[in-house]
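**Q** Model the structure of this input:
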Amino acid sequence: MGREISLGRKGEELALRFLEAEGLVLLERNWRWDHKEIDLIMESPRAIHFVEVKALRAPAAHEPWEAVTPLKQRYLSKAAEHFIFERRIGKEARFDEVSILFDGDDASIEYIPEAFYPVY
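**A** Alright, predicted model coming up:
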């Protein structure tokens, strides 16, 4: 299990650097509400981005982003709703995904802005 945690943390760090290079600013990392967690909460001039990061090692049976199921989307939506209310956010909320496939020392990153709409 330690290896998977390490892979997840490595993926989050890579995703964070990628998104910061795209001009987004980190607000929260691994933010929790109830039993739900949002990997990265980023801000752009027009929106708050709730980002789910999924990382796998190659070869993989599926793409990492495919692990963001409708149930996971619902959990993320509920947590984001609480964050917006708690912080009194007035910006548009977006749900993005970063899909990372590690192959040895190499990694391919796929950024999927507005990957899904809130699900309640």
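**Q** And the helix or strand harbouring residue 49, what's buried?
**A** Using DSSP states H and E, residue 49 maps to strand 47-57. Across strand 47-57, burial judged by 16 or more other Cβ atoms under 10 Å covers 47, 48, 49, 50, 51, 52, 53, 54, 55, 56. (C-beta placed from N, C-alpha, C; glycine too.)
**Q** So which elements touch the helix or strand containing residue 81?
**A** In the assignment (DSSP H and E), residue 81 maps to helix 70-87. For helix 70-87, the elements it packs on are strand 25-33, strand 36-43, strand 47-57, strand 92-103, judged by 3 or more Cβ pairs under 8 Å, 6 or more residues apart in numbering; DSSP states H and E.
**Q** So for the residue nearest to residue 56 when sequence neighbours are not counted, what's the pLDDT?
**A** Distance criterion Cβ to Cβ, 6 or more residues apart in numbering; nearest residue to residue 56, sequence neighbours excluded, is residue 64 at 4.7 Å. Looking at residue 64, its pLDDT reads 80.
**Q** Next up, the contacts around residue 64.
**A** 54, 55, 56, 99, 100, 101 (Cβ atoms under 8 Å, 6 or more residues apart in numbering).
**Q** For the chain, give me the ranges with low pLDDT.
**A** 1-5, 120 (pLDDT under 70).
**Q** tilt between the longest helix belonging to it and strand 92-103?
**A** Across the chain, the longest stretch assigned as helix under DSSP state H is helix 2-21. Relative orientation of helix 2-21 versus strand 92-103 (axes from the mean of the first three to the mean of the last three Cα atoms, to 10 degrees): 130 degrees.
**Q** tell me which residues in helix 2-21 are buried?
**A** Applying 16+ other Cβ under 10 Å to helix 2-21 flags 8, 11, 12, 14, 15, 16, 18, 19 as buried.
**Q** Check the gap between the last one and residue 104 for me.
**A** Shown here: residue 19 relative to residue 104, a distance of 24 Å by Cβ to Cβ, to the nearest Å.
**Q** Could you report the neighbour count for residue 82?
**A** Other residues within reach of residue 82, judged by other Cβ atoms under 10 Å, total 15.
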